[in-house]
Structures are given as C-alpha cells and as structure tokens.
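>>> Predicted structure and sequence below. I'll ask about it afterward.
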Amino acid sequence: MKKMIFFVMVFFLFSGAYYVFHNVLHQVSALPTHRNVDDQVSSILSDEERHQISLCIANIFWNQLSQYSPFYDLDVVVENLNELETGKKMPLHKHECQQQMLSLLDKISSYHACLNLKAAELYLEEIAKRKNVVEVIPHKVYYEVLQSGNDAITTPEYTFKIHLIESRLCKGEEVVIQDTRLSKRPITLVLSDTILGFAKGASGMTCGERRKIYIHPDLAYGKYGRHGFQQLMICDVEKL
C-alpha cells in the first residue's frame, strides 16, 4: 500500500511538472513570429531578467531529470525541447505521458532500492568497526552513546519523551530529514509502538542519555520508506 502511495506521489509530481512545462511551451509558441519579436520581448524584460528566467527553467528541468538518472538520454531531451519550442513537434497529451511514465516507475524504483540497500550495508560495516559502537543485532542495528544518562531505564511499554534527529544516507553522507530540536517539539512515544530497529536500539536508555542509532532497512521501513526505498535509518535520540 505504501509503495502505491509513493507511486501516486511521483505520478502527481510528474503531472505538475508536465503541466508547467506544457504551459511554458504553449506560451512561447503563442508569441508573435514576426522579425521584431526580440524587440517586443526586450521591452518587457531585460537581458538579465531573461537570463534569470532561463536559469530557473533549467533548474526546474534538472530537478525533474535528476530523479530519473541514469535512465534518460540528455541529447534526446534537448533535441525534443528544441523541436517543441520551434513547433516542429506537437507536445504529447498529458495523459499519454503519465501512462508511459507510470509503466517505468517500478523498474526505476527497484534499481534505486538495490543501490540504497548496498550502500546501507557497506555503511553499517564501517560503523561496526568504530570504537565504542554497541552491536545490538549483528549487521542490522548498532548504536553509540553520545551522552550518558542517570535515571530510570527505558522499557518497551514505558511512555517517554525524546528529541530526535532523523537522517538518511545519501551518496555516502548523512542527510537530516527531521530535527525536533529545531522545531522545539519533542516526541512522545512508546518503544513497542515504534519500528523494530528503533525499539531495539533505544531499549535501555536512561533519562538524559543520548544515542546515535544505525538501523538496517530490514528493521526500518525497507521497501516502503517515504524518503526512498531500502534506506539506512540513522536516529540521534535523547531521552528527556
């Protein structure tokens, strides 16, 4: 179900981008075709402003293209953009593009999932070699103590508050996706209600203790992660 939700989100993202680009192309094609068109455009925007628009459009395109790397041919993309801009080719209907893209998304997501899983396992191998790292489940869950505590031990059914910095692995770097310290909104939870890897890694924490927990995708969100499939989950947790 979560995987289907992800595909729907990507579907609407692509639809929105297609709508924007289609409108841009339509507006460009609607401009006057006589020789003084450049003069007319220059009376509305300066060369610097036109350059800025072009730069923004390039970045919008790139943000979309990067999601499908390395599965597209940039030369073909540029060639088709030129033909669409000059009117040599008519844009495909939005529905047709959507159907073609959806048929390929599963293959692309499976490819990225394999890459993420391999990266996660290699990263955990390096984590396991560090001093002061505690192995909770071999090859699956590890943690290191960043700050000692001094109170009652956390049990699976005990309700408590935490500050959490949640990260994912991206190209070998830890990228923060949630930080309750910045929002100043601690999380109240019961360990037995959390994912297995987090529950195992945070078990036994004392009040004031801070741990950094590394969780293999198998014990995190696996194929159903909202920030990407098969990603290593990294949680910097402080029990309040």
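Great, that's in hand.

>>> Relative to K107, how far out is A220?
23 Å (Cβ to Cβ, to the nearest Å). Using the backbone N, CA and C atoms, a C-beta is placed for each residue, glycine as well.

>>> the more surrounded of the two?
A220 (24 against 9; other Cβ atoms under 10 Å).

>>> Could you report the neighbour count for the nearest residue to the more buried one once chain neighbours are set aside?
Excluding its sequence neighbours, the residue lying closest to A220 (Cβ to Cβ, 6 or more residues apart in numbering) is M233, at 3.9 Å. Here the number of neighbours of M233 (other Cβ under 10 Å) works out to 26.

>>> again, but for V77
The number of residues packed near V77 is 12, by other Cβ under 10 Å.

>>> what pLDDT, on average, does whichever strand or helix holds E125 get?
Taking DSSP states H and E as the definition, E125 sits inside helix 94-128. Here helix 94-128 scores 87 as its mean pLDDT.

>>> Would you mind listing the buried residues in the next helix or strand after that helix?
Following helix 94-128 in sequence order, the next helix or strand is strand 133-137 (DSSP H and E). Of the residues in strand 133-137, those buried by neighbour count under the rule 16 or more other Cβ atoms under 10 Å are V136.

>>> any idea what sits nearest T188, other than its immediate chain neighbours?
Once flanking residues are discounted, T188 sits nearest to K161: 5.2 Å by Cβ to Cβ, 6+ apart.

>>> Measure how buried that neighbour is and give me the count.
Neighbours around K161, by other Cβ under 10 Å: 13.

>>> Tell me the secondary structure of it, please.
Three-state call for K161 (DSSP: H, G, I helix; E, B strand; the rest coil): strand.

>>> can you pull the contacts of it?
Taking Cβ atoms under 8 Å, 6 or more residues apart in numbering, we find K161 in contact with 186-189, 239-240.

>>> Quickly note the distance from it to L196.
Taking Cβ to Cβ as the measure, K161 falls 21 Å from L196.

>>> now T188
Distance of T188 to L196, computed by Cβ to Cβ: 20 Å.

>>> Looking at these two, which one has more neighbours?
Per other Cβ under 10 Å, whichever of T188 and L196 has more neighbours is L196, with 14 against 9.

>>> hang on, that one packs against L219?
Yes - between L196 and L219 there is a contact at 4.9 Å, judged by Cβ atoms under 8 Å.

>>> Make TSV out of the contacts of K161 and add distance to D47, pLDDT and secondary structure.
Formatted as TSV, those follow (distance: Cβ to Cβ, whole Å; pLDDT from 0 to 100; DSSP: H, G, I helix; E, B strand; the rest coil):
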residue	distance to D47	pLDDT	secondary structure
P186	52	92	coil
I187	51	90	strand
T188	56	91	strand
L189	56	89	strand
K239	58	91	strand
L240	56	89	coil
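
>>> So which of the residues you listed wins on neighbours?
That'd be K239 among those, by other Cβ under 10 Å, with 22 neighbours.

>>> Now do the same contact list for that one.
Contact analysis of K239 by Cβ under 8 Å, 6+ apart lists 149, 154, 160-162, 202, 205-210.

>>> From those residues, list just the buried residues.
Neighbour counting over the contacts of K239 (16+ other Cβ under 10 Å) leaves 149, 154, 160, 162, 202, 205, 209-210 as the buried ones.

>>> Where does confidence bottom out across the residues you listed?
T154 (64).

>>> Can I get stretch 173-191 in CSV? Just the C-alpha atoms.
This file holds the C-alpha atoms of stretch 173-191, laid out as CSV (Å, rounded to 0.1, in the frame of the first residue of the first chain):
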residue,chain,number,x,y,z
GLU,A,173,26.5,11.3,3.6
GLU,A,174,24.0,11.5,6.4
VAL,A,175,21.2,13.9,5.4
VAL,A,176,18.9,15.2,8.1
ILE,A,177,15.2,14.9,7.3
GLN,A,178,13.8,15.7,10.8
ASP,A,179,15.1,17.6,13.8
THR,A,180,12.8,18.1,16.8
ARG,A,181,15.4,20.4,18.5
LEU,A,182,15.0,22.9,15.7
SER,A,183,11.2,22.7,15.9
LYS,A,184,11.3,22.6,19.7
ARG,A,185,8.7,19.8,19.6
PRO,A,186,9.8,16.7,21.4
ILE,A,187,8.2,13.4,20.5
THR,A,188,6.2,11.3,23.0
LEU,A,189,6.3,7.6,22.3
VAL,A,190,6.2,4.0,23.5
LEU,A,191,9.0,1.8,22.2
